[in-house]
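>>> Kindly return the folded structure for what I paste below:
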Amino acid sequence: EEKWAAKRLETIKAVSNVGPDEQEEVYVAIRNMLKVLGDPYTRFLTPEQYDTIISAYATGGNAGIGVQLIVDPTQGGKVVVFDTVKGGPAAKAGLLPGDVIMEVDGLDFSSGTMAEVVASKCRGDIGTDINLI
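Numbering: from 1, shown residues only. Down below sits the predicted model:
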């Protein structure tokens, strides 16, 4: 806890003079601060990422493609398929564990992003087609 408290204080001091037009600098500082926790499930979402995830799940009546996605640090932080649901749309389309998701319906994720953001883009009304690269 002492290490976390020290890192949190260090981060607050580091961004205390950052202006409102420098949000990305604050976001990077927060992400670096959270790394100290060593918890792969703790992550920071920008307001846009949060809104994307919430809107995908709050609308109801939609479904995913039957895939579990993770961010793989060995792939440069890219989102990869961890597993597919047997008989689900992803498995039927030939997605396999280890496949890297580069693009969903024209949205480029090749430089890496959060798995939840990619997963939210893989949801829609049942029967909706999506294009993955």
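>>> All the strands of the protein, residue numbers only.
Secondary structure of the chain (DSSP state E): strands at 62-63, 67-72, 78-84, 103-104, 107-108, 124-125.
>>> Surely Val67 and Val118 touch.
No: contact criterion Cβ atoms under 8 Å: Val67 and Val118 do not qualify, at 9.5 Å. All C-beta spots, glycine's among them, are computed from the backbone N, C-alpha and C.
>>> and stretch 89-100, how far apart are its ends?
17 Å (Cα to Cα, to the nearest Å).
>>> ok, Lys121 to Trp4 distance?
33 Å (Cβ to Cβ, to the nearest Å).
>>> Same drill for these two, tell me which one is more crowded.
For Lys121 versus Trp4, neighbours defined as other Cβ atoms under 10 Å are more numerous around Lys121 (19 against 12).
>>> and that one, what is it in contact with?
Contact analysis of Lys121 by Cβ atoms under 8 Å, 6 or more residues apart in numbering lists 52, 56, 104-105, 107, 130.
>>> could I get the residues you listed as CSV with pLDDT?
Shown next, in CSV, are those (pLDDT from 0 to 100):
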residue, pLDDT
Thr52, 74
Ala56, 63
Val104, 94
Asp105, 93
Leu107, 90
Ile130, 91
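>>> Show me which of these is closest to Gly94.
For the contacts of Lys121, the residue nearest Gly94 by Cβ to Cβ is Ile130; the value is 14.1 Å.
>>> who does the closest residue to Val80 other than its chain neighbours bridge with?
Nearest residue to Val80, sequence neighbours excluded (Cβ to Cβ, 6 or more residues apart in numbering): Asp72, at 4.5 Å. Asp72 has these beta-bridge partners by DSSP bridges: Lys78.
>>> now this structure, which segments are flagged as low pLDDT?
56-61 (pLDDT under 70).
>>> which residue is nearest the middle of this protein?
Met114 (1.5 Å; Cα atoms, centre = their mean).
>>> contacting residues for that one?
Met114 neighbours (Cβ under 8 Å, 6+ apart): 43, 45, 49, 71, 79.
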